[in-house]
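Trainee: Quick one: sequence and predicted model below, then my questions.
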Amino acid sequence: MDFRELSMNKTICIVGGGSAGWMAAAYLAKNTPHTISLIESKNIPIIGVGESTFASMPTFLTELGITDEDIYKDCSAVRKYAIKHHNWNGDGETWTHRFCYSDDDIEQQDALMNDYAIPEEKWRYGFHLDATKLGLLIKEKSAIPNGVEHIIDDIIDVNVTNGQVDSIVGNNAVYTADMFVDCTGFKALLRGKLPAEYKSHNALINNCAVCGPGTYDNDEAPLPYTETWAMDYGWKWRVCLQHRTGNGYAFNKDMISVEEATQEFIKTTPGLNKDKIFVVDINNTYNPEPWKGNVISFGLSCGFLEPLEATGLYLVYGPLEFFTRLLDDPKGAQKFNRLWNRLYTHVTEFVSHQFTTSKLNHTEYWRSIPKVDKVEPKHVHFNNSVFTYYNYKLLADVRNLPLVVK
C-alpha cells in the first residue's frame, strides 16, 4: 500500500520561492498526500552565488522526475567530478578532492572526469548550475504538475499564538495552514517570530562575500570541477557553467574592507564582469531548532554555512526526507531537530577543517583561526550525507596530519 494512503491530509504552506522553496514544495507534493501551497513575492531577489552542488544532487533531482538532460538544457549545467583547492597551505600547491569512496577509485574518477563520462555508481558527480533557473525548472516540471498551488503575494504580517503561527497576512489575502515552511531566506519571516538561539563555529569567521559572473576566453572550455583559492582574508571560488563562470570571495569585513576585498577579487579573477559585482552579507550561524511549533525552516531561514550554494542546497534537500517521514509523528519536531543538529554539526566540522588545517598565518585573518594538528571527525557517517569517512581521510592525507577516528 502507498504510504500516502496511511496519512491524514494536512495543509502545508511554504512561504518563499527560489531553489529552497521549490525543492521543498516539489518533494512534499511527490512524497506526501498533503495539500501543498507556495507563496512567493515578485519583489524579493533570489540569492544565487556559488552555483555548485554536492554529488547527491543528481539522485535528489531524479526523485523529483528531473533528468540530467533537463539540468543541462534549462540550467546551463556542467557536470562536476571534483574540487581543486589552490594554495591553502601557502605553498602554491593544488590538491584535489574527488567524489570517491576510497583511494581505489581515484584513477577511475580522473578517467571519468577526463572523458566527461557518467559513472555507474551514484554520488560520483554533481553539477555546476544556475540556481535561479534550477528553482524555476523544479517549479515547472515537478512542483506544479504534482499539484502545488502557486500564489503570488507579499507577506506583511505573521500572527502567532502560544508558540504557533495562526495565520500569515498578505497584501491580497490571509493564509492559514496546519504547517508552515519558512523559505524566506535570511529574513526568516515566519521562524523569526518564534524564539530562537543561533549557534556558530569559531573557525568559520567570514561575514561577507563579493560575487560576480565572468566570461570565458575564446579558446577556453568549461571545467568539470570547482576551484577554490586561499586569499589574504578568506577564500575564493570559481565554478564553470556552459556560458559563463560564477565567482566569489568570502572574507571577514572586520579585517578587510569591502572595497579592499573587491579590488583583491578583481585583481585575481580573470574574465570577471566588473560591472556585475555584488555584495552579500553572510552570517555563519545556524538555528539548532529549525522545527518549532507548526513552523519549520529550510535554507537560509534556518542558517548559513559555507561554502555558499553547494552547502545551502544540500541542507535543504538532505533533511527533506526526514521531515516527510516525521510529519505525522507527535515527537516529529524533537526528532527532526536532533537529526538536524547531528547533520549540521557534521558538515560544519568538515568545512571548518579547510581553515583549521591550513598552515597560513600571514594575515590577522589566518592568525585568528584556531588551528589543529590532527583531524578528529565527530560524525563520520550520517545516513545520506555525502561527507563520508573518505572526505576526512583525504584532508588528513593532504595536510600530512594524523587522523583520529573515535
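Mentor: Received, thanks.
Trainee: For burial, what's the neighbour tally of residue 38?
Mentor: 27 (other C-beta atoms under 10 Å). For glycine as for every other residue, the C-beta is placed from the backbone atoms N, C-alpha and C.
Trainee: do you know how far it is from residue 12?
Mentor: Shown here: residue 38 relative to residue 12, a distance of 9 Å by C-beta to C-beta, to the nearest Å.
Trainee: can you map out the helices along this structure?
Mentor: 18-31, 57-63, 68-75, 106-115, 131-138, 258-267, 309-326, 332-356, 364-368, 389-399 (DSSP state H).
Trainee: taking the ones you listed together, which one is wrapped up most tightly?
Mentor: Of those, the one with the most neighbours on average (mean count of other C-beta atoms under 10 Å) is helix 18-31, at a mean of 26.
Trainee: Quick check, residue 188 in contact with residue 182.
Mentor: Yes - counting by C-beta atoms under 8 Å, residue 182 is a contact partner of residue 188 at 6.0 Å.
Trainee: So for the two, which residue has more residues nearby?
Mentor: Using other C-beta under 10 Å as the criterion, residue 188 and residue 182 rank with residue 182 on top: 31 against 23.
Trainee: Please name the bridge partners of that one.
Mentor: Beta bridges link residue 182 to residue 15, residue 297, judged by DSSP bridges.
Trainee: List the contacts of it.
Mentor: Residue 182 makes contacts with 15-16, 188-192, 295-298, 301-302, as judged by C-beta atoms under 8 Å, 6 or more residues apart in numbering.
Trainee: I'd like to know which helix or strand in this protein has the lowest mean pLDDT.
Mentor: None of the helices or strands of the chain scores lower by mean pLDDT, DSSP states H and E than helix 389-399, at a mean of 52.
Trainee: what ranges do the strands span in the stretch 51-200 of the chain?
Mentor: All strands of the stretch 51-200 of the chain, identified by DSSP state E, counting those that start in this stretch, fall at 78-80, 82-86, 94-98, 126-128, 149-152, 155-161, 164-170, 174-175, 179-182, 199-200.
Trainee: Can you list the buried residues in the second one?
Mentor: Just to be clear, that refers to strand 82-86. Using 16 or more other C-beta atoms under 10 Å as the test for burial, strand 82-86 gives 82-85.
Trainee: before we move on, what about stretch 195-214?
Mentor: Going by neighbour count (16+ other C-beta under 10 Å), the buried part of stretch 195-214 is 196, 201, 203-214.
Trainee: Identify, from those residues, the entry nearest to residue 262.
Mentor: Taking C-beta to C-beta as the measure, residue 262 lies nearest residue 210 of the buried residues of stretch 195-214, at 5.0 Å.
Trainee: pLDDT score assigned to the closest one?
Mentor: As predicted, residue 210 sits at a pLDDT of 95.
Trainee: Name whatever forms a beta bridge with it.
Mentor: Residue 210 has these beta-bridge partners by DSSP bridges: residue 249, residue 279.
Trainee: rewinding a little: the helices of the chain: which one's closest to residue 252?
Mentor: Across the helices of the chain, residue 252 has its closest neighbour in helix 364-368 (5.8 Å, C-beta to C-beta).
Trainee: In contact with the residue lying closest to residue 67 once chain neighbours are set aside: list those residues for me.
Mentor: Residue nearest to residue 67 in three dimensions, not counting chain neighbours: residue 61, with 7.7 Å by C-beta to C-beta, 6 or more residues apart in numbering. Residues in contact with residue 61 (C-beta under 8 Å, 6+ apart) are 67, 70-71, 138.
Trainee: Take the residues you listed and lay them out in a markdown table including pLDDT and distance to residue 27.
Mentor: Formatted as a markdown table, the contacts of residue 61 follow (pLDDT from 0 to 100; distance: C-beta to C-beta, whole Å):
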| residue | pLDDT | distance to residue 27 |
| --- | --- | --- |
| 67 | 96 | 17 |
| 70 | 97 | 16 |
| 71 | 95 | 16 |
| 138 | 96 | 9 |
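Trainee: from those residues, which single one is nearest residue 281?
Mentor: Comparing the contacts of residue 61 against residue 281 with C-beta to C-beta places residue 138 closest, at 26.6 Å.
Trainee: How much space separates the most centrally placed residue in the chain from residue 125?
Mentor: Of all residues in the chain, the one closest to the mean position by C-alpha atoms, centre = their mean is residue 312, 1.6 Å from it. As judged by C-beta to C-beta, residue 312 and residue 125 stand 19 Å apart.
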